[in-house]
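Enquirer: any chance you could fold what I've pasted below:
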Amino acid sequence: MSAPALTPVVVRLKLSLLRNGLKQSGGRKAAYIASAVFALLFAALQLLGLVALRGHAHVESLVVLAVAVLGLGWAVMPLFFPSGDETLDPTRLVMLPLRPRPLVRALLTASLVGIGPLFTLCLLVGSVIAVARGGAAFAVGVVAVALALLVCVAFARAVAAANVRLLSSRKGRDLAVLSGLVIAVGAQVVNFGAQRLGSAGLGELDPAADVLQWVPPASAIAAVHAVGEGSYGLAAVQLALTAGALVAALAVWSRHLTRLMTSPDGSTLPTAGSAAREGSSSGLGRLLPSGRTGTAMERSLRYVWRDPKTKTAWVTSLALGLIVPVFNAWQGTGSVYIACFAAGMLGIQMYNQFGQDTSAFWMVAMTISSRRDAYVELRARALALLLITLPYATLVTVVTTAMLGDWPRLPEALGLTFALLGAMLATGAWTSARFPYSIPQEGYKSVAPGQTGLAWISIFGGMIAAAVLCGPVIALTIWLNVSAGGEAWTWLLLPTGTAYGAALTVLGLRLAAPQTARRLPEILGAVSKG
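Expert: The predicted structure is shown next:
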């Protein structure tokens, strides 16, 4: 009896993985359905928009750029979302007697099943309709759509196979944290580009399109436009480039598959270098104060570097804290005061300090026997946070001021930034003791079930309280700017805001210390539910 064909088996495996994943919980099923509906509606709107642009003088530049960005997205997607498709990991199949060539064919076909390929297909079809002129162009468009779609999928598979050892390690999982940064930056770039195109027109894209028309998979769509213009030789070269890219991607993919299926996993083999690194100290402790303060600071900094949830929160705050002020200043619509947004985003990290400890907080609780111990613990966590937030918030404020060229307002902007940061450290310490909540270690949720209300009270209540505490500095800033001759004294806001923020931090820590020492059992119970 002959063995069944591999391709249908792998496609059924892909469908079974999808179906069984949706059966795990109603929330996961609802999220998948909602995302599918949103993606398909967005794809349909894009398709209609591209059809509506048919006949525009510069539509070919738009679609070439869009398809190039789409191909780039497919290539980098496995690096930031390695768990999006379980069939991306070929090491799950190493124990099976499979040859690389049939496996490549089967996995390539299975990759065409899903929301992503359907979304890509809609955009490619819309691009062909937008630029095709004549029956020959539409005929070439069918080939171009197939080639472009296969190139996108092959790019993703080749990148995933080349980096599968990395993506399955802790460092690879940490790489996925950067997806929030990529999305945030990409959203701001798209927003800025859309504003520029709205005022200058699609002709602004022509220089970029002239280069990208030779880069697969955009070259396939450029070939459709070339056929419509009668440039058959140019179209043949561009289609050949796309076909060559597909062959190259499949060859790279096949080579890495062969290596993965036949070589041992070296990531589990200890080496002398790794053993030496494990036995040596990073040197961080030698740079920090001695005693409990230095120990607690080092623990907090290691959470930032090693804990996935803590790292995700920090990366998001650092990215948004820089992107929002800088992009507003870049577009000429910002103000130096918007630089305080960085201090606000970073100050949030002080909230729920004990939640990142989870059930291991019992070890910290065992070392706290007095208000003094609690105060030193909270102070150390605040100092660890200041090591990152203080220079970063200063940098964002200076960069924003430089981009706006409003140097006279730099002292007051820094004063407001430091005052807000101190207020958020003060309220964060108090809410950490009064409204702690657990952060689940598994999944994407940042709050344990049943504790959402605590999280809202802790974060948003603390932010409102911090804004109120900054009222005196804000009022002084307004008074100096509106009073006659007051602008000559705005430089005083820098030392005033700094001293006020420091005083708020010390006061908040001293008020939170008795709460922490008294509520240790309640805090342990709250942070252990995740």
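Enquirer: Tyr129: which element?
Expert: Quick fix: residue 129 reads Ile, not Tyr. helix 115-131 (DSSP states H and E).
Enquirer: Asn352 now?
Expert: Using DSSP H and E, Asn352 falls outside every helix and strand.
Enquirer: ok, it - contacts?
Expert: When contacts are counted by C-beta atoms under 8 Å, 6 or more residues apart in numbering, Asn352 is found next to 431-432, 435-437, 439, 455, 458-459. In this view, the C-beta of every residue, glycine as well, is placed from N, C-alpha and C.
Enquirer: for the closest residue to Arg157 other than its chain neighbours, what are its contacts?
Expert: Excluding the flanking residues, the one nearest Arg157 by C-beta to C-beta, 6 or more residues apart in numbering is Trp253, at 5.1 Å. By C-beta under 8 Å, 6+ apart, Trp253 lies in contact with 104, 154, 157-158, 161.
Enquirer: so which of these wins on neighbours?
Expert: Arg157 (28 neighbours; other C-beta atoms under 10 Å).
Enquirer: what helix or strand is that residue on?
Expert: helix 135-162.
Enquirer: buried residues of that helix, list them for me.
Expert: 137, 140-141, 144-145, 147-162 (16 or more other C-beta atoms under 10 Å).
Enquirer: okay, now the unreliable bits of the stretch 201-350 of the chain?
Expert: 201-204, 261, 263-285, 333 (pLDDT under 70).
Enquirer: quick one: the helices in it?
Expert: 206-212, 218-228, 232-262, 272-279, 284-287, 291-306, 308-330, 340-347 (DSSP state H, counting those that start in this stretch).
Enquirer: also the stretch 1-150 of the chain?
Expert: 6-22, 26-52, 59-80, 100-111, 115-131, 135-162.
Enquirer: show me what the fifth one is packed up against.
Expert: Other helices and strands packing on helix 115-131, by 3 or more C-beta pairs under 8 Å, 6 or more residues apart in numbering; DSSP states H and E, are helix 26-52, helix 59-80, helix 135-162, helix 218-228.
Enquirer: could you give the mean pLDDT of the third one?
Expert: Put plainly, it is helix 135-162. Averaging pLDDT along helix 135-162 gives 90.
Enquirer: and it, what does it pack against?
Expert: By 3+ C-beta pairs under 8 Å, 6+ apart, helix 135-162 packs against helix 59-80, helix 100-111, helix 115-131, helix 218-228, helix 232-262.
Enquirer: same question for the lengthiest helix in the chain: list its buried residues.
Expert: In the chain, taking DSSP state H as the definition, the longest helix is helix 371-404. Within helix 371-404, the residues scored as buried using 16+ other C-beta under 10 Å are 373-386, 388-390, 392-394, 396-401, 403-404.
Enquirer: just stretch 355-368 next, same as before
Expert: Quick answer for stretch 355-368 (16+ other C-beta under 10 Å): 355-358, 361, 364-365, 368.
Enquirer: repeat for stretch 111-121
Expert: Quick answer for stretch 111-121 (16+ other C-beta under 10 Å): 111-114, 116-117, 119-121.
Enquirer: possible to save these as JSON lines with distance to Pro411 and pLDDT?
Expert: Converted to JSON lines, the buried residues of stretch 111-121 look like this (distance: C-beta to C-beta, whole Å; pLDDT from 0 to 100):
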{"residue": "Ser111", "distance to Pro411": "56", "pLDDT": "85"}
{"residue": "Leu112", "distance to Pro411": "59", "pLDDT": "88"}
{"residue": "Val113", "distance to Pro411": "59", "pLDDT": "85"}
{"residue": "Gly114", "distance to Pro411": "54", "pLDDT": "83"}
{"residue": "Gly116", "distance to Pro411": "50", "pLDDT": "86"}
{"residue": "Pro117", "distance to Pro411": "55", "pLDDT": "90"}
{"residue": "Phe119", "distance to Pro411": "50", "pLDDT": "90"}
{"residue": "Thr120", "distance to Pro411": "51", "pLDDT": "92"}
{"residue": "Leu121", "distance to Pro411": "56", "pLDDT": "93"}
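Enquirer: as CSV, these with distance to Gly486 would be great.
Expert: Output for the buried residues of stretch 111-121, formatted as CSV (distance: C-beta to C-beta, whole Å):
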residue, distance to Gly486
Ser111, 65
Leu112, 67
Val113, 67
Gly114, 62
Gly116, 57
Pro117, 62
Phe119, 56
Thr120, 58
Leu121, 62
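Enquirer: and the residues you listed, which is closest to Arg19?
Expert: Within the buried residues of stretch 111-121, the smallest distance to Arg19 is 11.7 Å, found for Val113 (C-beta to C-beta).
Enquirer: my guess is the closest one meets Leu13, correct?
Expert: No - under the criterion of C-beta atoms under 8 Å, Val113 is not in contact with Leu13, lying 10.4 Å apart.
Enquirer: which ones are touching Val67?
Expert: 123-124, 127, 148, 217-218, 220-221.
Enquirer: of these, which is the most crowded?
Expert: Going by other C-beta under 10 Å, Ala220 tops those with 34 neighbours.
Enquirer: distance of that residue from Gly428?
Expert: Here the criterion is C-beta to C-beta, to the nearest Å. By it, Ala220 lies 53 Å from Gly428.
Enquirer: count the neighbours of the residue lying closest to Val140 once chain neighbours are set aside for me.
Expert: Leaving aside its sequence neighbours, Val140 sits nearest to Val227 (C-beta to C-beta, 6+ apart; 4.8 Å). By other C-beta under 10 Å, the residues close to Val227 number 27.
Enquirer: just Leu17 next, same as before
Expert: 14.
Enquirer: quick one: pLDDT of it?
Expert: 75.
Enquirer: that older thread, and the contacts of Trp253 as CSV, adding distance to Ala236?
Expert: Output for these, formatted as CSV (distance: C-beta to C-beta, whole Å):
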residue, distance to Ala236
Val104, 27
Ala154, 21
Arg157, 27
Ala158, 25
Ala161, 31
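Enquirer: about what we covered before: from the contacts of Val67, which two are the most distant?
Expert: Maximum pairwise distance among the contacts of Val67 (C-beta to C-beta): 12.6 Å, between Leu123 and Ala220.
Enquirer: most tightly surrounded among the helices and strands packed on helix 135-162?
Expert: helix 218-228 (a mean of 29; mean count of other C-beta atoms under 10 Å).
Enquirer: list the contacts of that one.
Expert: Counting by C-beta under 8 Å, 6+ apart, 60, 63-65, 67-68, 71, 124, 127-128, 131-134, 136-137, 140-141, 143-145, 147-148, 151, 212-214, 232, 234-236, 238-239, 241-242 sit against helix 218-228.
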